[in-house]
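J.: sequence and predicted structure, then a few things I'm wondering about:
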Amino acid sequence: MLFISLCVGVAIFFMADSRKLIQHDNWFNKLVEFIETKLQHKLGAEWIWIITLLIPTAIVAWLVSEADEAWLGFPMLFVSVILLVYSLGREGYLNSLDLYVASLKVANAETVFIRAQELFPKLSKDLRDEWSHQYQQIRQLVFYQVMEQLFTVVFWFIVLGPVAALIYRLNELYLVYRQQHDGSKLASAHVAWDLKYIIEWFPARVLAWSFTLAGNFTKAYHECQHSWRQWAEPTGEIVVRTGLQALAIPLDMEEFKQTTDTAEQQQMAADELMAVRGLLNRTVVIWGATIALVTLLT
């Protein structure tokens, strides 16, 4: 059942229209607003965060326990697929990547720059004078997105079940809510940031080691060895560095910045991003094959 749930859930994740039928977050935003309205003068931000995550998690945990014992587990299969799809990312990293690569191949530099801001909302807004800086951010975001949207969720779904995957997504939604509605309180959400770091810590390192099998083994292996000893290093940086080392021919950023022909720069960027896409696809296949093998043996 676990392997079937994963296959169906990940397949739906890669179909944007189907994914959006399940991934509705208005209810969560309304829940945060309601709890804040009732408790903001009585409890601190940490308790509001705990209650916000605890209510839906407790309900889902009860639903999972009930579904697991009914009708030979088929209701559990349905519930697991729904929870997995909901817990996966909202943006769909492959779609954004493909659209950006397409714009690199046909559009002028100004259009590409604007298109990047539309496709990658998390891009820093203070680098508009340097297209090369923007591209550096984009290739970092692509690697981080695949960890945040797909691999971290799948990892905890396998290890601890759908409730653990849901907790990760709800925590992400809480942070997004804070960023969009009340940036002044974002610092008070430090417990949510701490939980995010803890949840991503191990999956990030597993993903980094996966790159050694999916790409340039020697370079990625040495990077993984170094990263594993850096216990406090941000998870995104580990994934980005190892992923770039796993590419057969990573882009030389110094050469890239010194290139005066914008069209040539765009082609270089498109080629590297297609290599990144290939690496990520091979990594997905490796994870899928590993999960299938473990499922058969157990």
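T.: The structure has been received and is ready for your questions. Residues are numbered from 1 along each chain as shown.

J.: pretty sure residue 84 contacts residue 5?
T.: Yes - the pair residue 84 and residue 5 passes the contact test of C-beta atoms under 8 Å, sitting 6.2 Å apart. (C-beta placed from N, C-alpha, C; glycine too.)

J.: ranges for the helices of the stretch 1-150 of the chain?
T.: In the stretch 1-150 of the chain, the helices defined using DSSP state H, counting those that start in this stretch lie at 2-13, 16-22, 26-39, 45-68, 74-87, 93-106, 109-119, 131-146.

J.: next, the angle helix 26-39 makes with the longest one.
T.: To tie it back to what came earlier, the one meant is helix 45-68. Counting by axes from the mean of the first three to the mean of the last three C-alpha atoms, to 10 degrees, helix 45-68 points 130 degrees away from the direction of helix 26-39.

J.: next, the buried residues of helix 45-68.
T.: 45, 48-49, 51-53, 60, 63-64, 67 (16 or more other C-beta atoms under 10 Å).

J.: and if you look at the third one?
T.: Residues of helix 26-39 classed as buried under the neighbour-count rule (16+ other C-beta under 10 Å) are 28, 31-32, 35-36.

J.: helices and strands around that helix, which ones?
T.: Helix 26-39 sits against helix 45-68, helix 162-181, with contacts defined as 3 or more C-beta pairs under 8 Å, 6 or more residues apart in numbering; DSSP states H and E.

J.: next one: the shortest one
T.: The elements that helix 16-22 packs onto, with contact taken as 3+ C-beta pairs under 8 Å, 6+ apart, are helix 2-13, helix 74-87.

J.: from those helices, which stretch is densest packed?
T.: helix 74-87 (a mean of 20; mean count of other C-beta atoms under 10 Å).

J.: wait, what's in contact with the residue nearest in space to the middle of the chain?
T.: Among the residues of the chain, the one closest to the centroid is residue 148, at 1.9 Å (C-alpha atoms, centre = their mean). In this structure, residue 148 makes contact with 89, 172, 200, judged by C-beta atoms under 8 Å, 6 or more residues apart in numbering.

J.: and which of those residues is nearest residue 277?
T.: Nearest to residue 277 among these is residue 89, at 16.1 Å by C-beta to C-beta.

J.: was I right to think the closest one contacts residue 149?
T.: Yes - in terms of C-beta under 8 Å, residue 89 counts as a neighbour of residue 149; the distance is 2.3 Å.

J.: just to revisit the earlier point, nearest to residue 143 among the buried residues of helix 45-68?
T.: Closest to residue 143, out of all of those and judged by C-beta to C-beta, is residue 53, at 26.9 Å.

J.: leaving out chain neighbours, which residue sits closest to the closest one?
T.: What sits nearest to residue 53 in space, not counting adjacent residues and going by C-beta to C-beta, 6 or more residues apart in numbering, is residue 170, at 5.2 Å.
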